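Asker: fold the following.
(one chain, ligands or ions: 1)
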Amino acid sequence: MPAFARGRIRLSQSVTVRHSVLSPLASNDLATYAQAITLMKARSDFASWEEQAKIHDAHCHHRTPYFLPWHRAYLHRFEEIVRMVTGEPQFALPYWPYAPSSQEEDSRRLPPPFRDPASVLFDPSRNAAVNSGAALSSGTCDPSAAMQYASLLKDPQGQGFSRALEVQPHNPVHVDINGNMLTSFSPLDPIFWLHHAQIDRLWQRWTNDGGVNPGAGTGWGNTKMVGFSDTAGDPSEPRAGDLLDTSELGYVYDTDVATFFGGSSIGLLDKERVMSDGSRIEAAAPLVRLRGGQARINLESRRDEPLSILKLTQESPGRRVVLRLSGLTADRLVDTTYDVYLDLPPDTPPNPEGPHYVGKLALFTLGAHREGDHEHHHGGGDEIEYDITATASRLEQRGLGRGTGFSVVLIPTRPGVAYGEPVDSQSEIQIERAIIETR
Ligand SMILES: [Cu+2]
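Answerer: As a prediction, this is how the structure comes out:
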């Protein structure tokens, strides 16, 4: 059956439901998944565990506009291979429902079956604290910055949903779990597939809430996603535009069932768009090196008069304020994530739920494509941008951020290490420039 053909889904056809791994409803799927791993590890053809990971190493899209559709196709094909090798046609991949709020800390612990050293779901290469149940930090698991974007791809208002979701929570979850998850062979870790099911679910939720994907007829929509094979081992190359809705691919998420069957979705996006006149207030800082410690970047305005957050927000009502960290390079795979704060005073302890919090800095597969193997360095380095409009107005409302100049503070985070403490990092990140601008 041509699974990616448009209009495949019919009312008579059953739709599978991807459940939260923490729900009792996922227990059958989890057992099937574990059985599939054992069976796939014993194979040597296209359906083997190793071959599935090689697809990711050779073809995956990161830091490109195809990050989301490529991984959606990858998971969908993988799910079909699990069904084939286990003979369980109703199998659906569970997802890991990590969430940022302090009430949901348990959701940020590796799901218990993945912590059992006797299980095929275990991966000893992970951060040992994660394998013992240490929670990932709330910033690592927070998709809210991405959810604010109205369009999938970069537009005059910003980097777009796809890139923002990749930056947070996608990258920091990879980095904080560490081991195989740090590399382009991350699908060797069984949690990879549940992490990406969560990313895929967040994309679908954003779409259901009114997020705007490029049309199927655009250049983006017509681009083929490559690297996959069907259950016969033959190449299958869906177009990005055929991957915009999970229900057309034959699955829905448990949280989207109401939407799929015609219920209304909750929490419409704030789609207010503000015109940008293209002017820009720029402050740039010189090179910073991060190796597991805290760092403070003091930004100096290029204007004659001092510039503060107060002034910035006053001068640009209705505009977006954006912080860009650019020229990001690393000497090897980066094993540490950092929380980013704006104007955090030196005597104020960092608090991800406090007014100074901006977001997460995590670089995934930057530095080396695969350690000890072929290396791909990305010329000019990576760039991450943060929409700090909300942070800036929060600080302004509280009378904070009225000093002169700005500072960006970076706090290392790692599961198992007390928050704010230095981390024993093997990798070094360089930041060439930090820029604050309005749009
Ligand atoms: Cu990933």
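Asker: give me the most central residue, this structure.
Answerer: What sits nearest the mean C-alpha location of the chain, by C-alpha atoms, centre = their mean, is H170, with 1.9 Å.
Asker: now it: closest residue in space that isn't a chain neighbour?
Answerer: In this structure, H170 finds its nearest non-sequential neighbour in I199, 5.4 Å apart by C-beta to C-beta, 6 or more residues apart in numbering. Quick note: C-beta positions are derived from backbone N, CA and C, even for glycine.
Asker: quick one: contacts for the closest residue to E79 other than its chain neighbours?
Answerer: Leaving out its chain neighbours, the residue that sits closest to E79 by C-beta to C-beta, 6+ apart is L93, at 5.1 Å. Residues near L93 by C-beta atoms under 8 Å, 6 or more residues apart in numbering: 18, 29, 33, 75, 78-79, 82, 193-194, 197.
Asker: just confirm the residue nearest to H170 is within a helix.
Answerer: Yes: I199: assigned to a helix according to DSSP: H, G, I helix; E, B strand; the rest coil.
Asker: ok, it to G215 distance?
Answerer: Using C-beta to C-beta, to the nearest Å, one obtains 22 Å as the distance from I199 to G215.
Asker: before we move on, the earlier item: report pLDDT for the residue nearest to the centre of the chain.
Answerer: For H170, the model assigns a pLDDT of 97.
Asker: I199 and G215: who's more crowded?
Answerer: I199 (22 against 11; other C-beta atoms under 10 Å).
Asker: returning to that earlier point: the residue nearest to E79 falls within a strand, correct?
Answerer: No: the assignment for L93 (three-state DSSP) gives coil, which keeps it out of a strand.
Asker: T64 and W220, how far apart?
Answerer: For T64 relative to W220 (C-beta to C-beta), the value is 11 Å.
Asker: compare those two (neighbour count), which wins?
Answerer: The residue with more neighbours, out of T64 and W220, is W220; 18 against 12, by other C-beta under 10 Å.
Asker: so that one: helix, strand or coil?
Answerer: Per three-state DSSP, W220 ends up helix.
Asker: am I right that it is in contact with A240?
Answerer: Yes: the pair W220 / A240 is scored as a contact, 5.8 Å apart, by C-beta atoms under 8 Å.
Asker: need the overlap of contacts for the two.
Answerer: 66, 214.
Asker: which ones are touching I431?
Answerer: Taking C-beta under 8 Å, 6+ apart, one finds 287-290, 297, 325-328 in contact with I431.
Asker: so which of these comes closest to L395?
Answerer: I297 (16.6 Å; C-beta to C-beta).
Asker: mind checking how far the closest one is from I435?
Answerer: 11 Å.
Asker: tell me who's in contact with the residue nearest to H170.
Answerer: When contacts are taken as C-beta under 8 Å, 6+ apart, I199 is in contact with 68, 71, 165, 169-170.
Asker: do the same with E385
Answerer: 158-159, 163, 322-325.
Asker: repeat the analysis, applying 10 Å as the threshold.
Answerer: E385 is in contact with 154, 158-159, 163-164, 167, 322-326, 359, 435, 437, counting by C-beta atoms under 10 Å, 6 or more residues apart in numbering.
Asker: how far away is the residue nearest to E237 when sequence neighbours are not counted from G241?
Answerer: Nearest residue to E237, sequence neighbours excluded (C-beta to C-beta, 6+ apart): K224, at 4.3 Å. Separation of K224 from G241 (C-beta to C-beta) stands at 10 Å.
Asker: please say which of those two ends up with more neighbours.
Answerer: G241 (19 against 12).
Asker: secondary structure class for P187?
Answerer: Assignment for P187 (three-state DSSP): helix.
Asker: what is the burial count for it?
Answerer: Neighbour tally, P187, other C-beta under 10 Å: 25.
Asker: check contacts around the residue nearest to E237.
Answerer: For K224, the contact set (C-beta under 10 Å, 6+ apart) comprises 66, 73, 236-240, 242.
Asker: farthest-separated two in these?
Answerer: Greatest spatial distance among the contacts of K224 (C-beta to C-beta): Y66 and S236, at 15.8 Å.
Asker: which residues in the stretch 1-150 of the chain form strands?
Answerer: 16-18 (DSSP state E, counting those that start in this stretch).
Asker: could you list the low-pLDDT ranges of it?
Answerer: Along the stretch 1-150 of the chain, the model assigns pLDDT under 70 to residues 1-14.
Asker: pull out the buried members of the contacts of I431.
Answerer: 288, 290, 297, 325-328 (16 or more other C-beta atoms under 10 Å).
Asker: which members of these occur in strands, if any?
Answerer: Of the positions in the buried ones among the contacts of I431, 288, 290, 297, 325-328 sit in strands, assigned by DSSP state E.
Asker: I'd like these laid out as TSV, including distance to A53 and pLDDT.
Answerer: What follows is those, written out as TSV (distance: C-beta to C-beta, whole Å; pLDDT from 0 to 100):
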residue	distance to A53	pLDDT
V288	34	76
L290	29	84
I297	37	79
L325	30	88
S326	31	84
G327	31	83
L328	26	88
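Asker: in CSV, list the residues you listed along with distance to S101.
Answerer: Below are these laid out as CSV (distance: C-beta to C-beta, whole Å):
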residue, distance to S101
V288, 31
L290, 28
I297, 29
L325, 26
S326, 31
G327, 34
L328, 29
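Asker: sort out which one of those residues lies nearest A145 for me.
Answerer: The closest of these, once distances to A145 are taken by C-beta to C-beta, is L325, at 14.0 Å.
Asker: measure the closest one to P169 for me?
Answerer: Noted for L325: a distance of 18 Å to P169, by C-beta to C-beta.
Asker: and what of G210?
Answerer: As judged by C-beta to C-beta, G210 and P169 stand 21 Å apart.
Asker: settle it for me: which of the two has more neighbours?
Answerer: Of the pair G210 and P169, P169 is the one with more neighbours under other C-beta under 10 Å, namely 30 against 13.
Asker: surely W220 touches P69?
Answerer: Yes: here W220 reaches P69: they are 8.6 Å apart, a contact under C-beta atoms under 10 Å.
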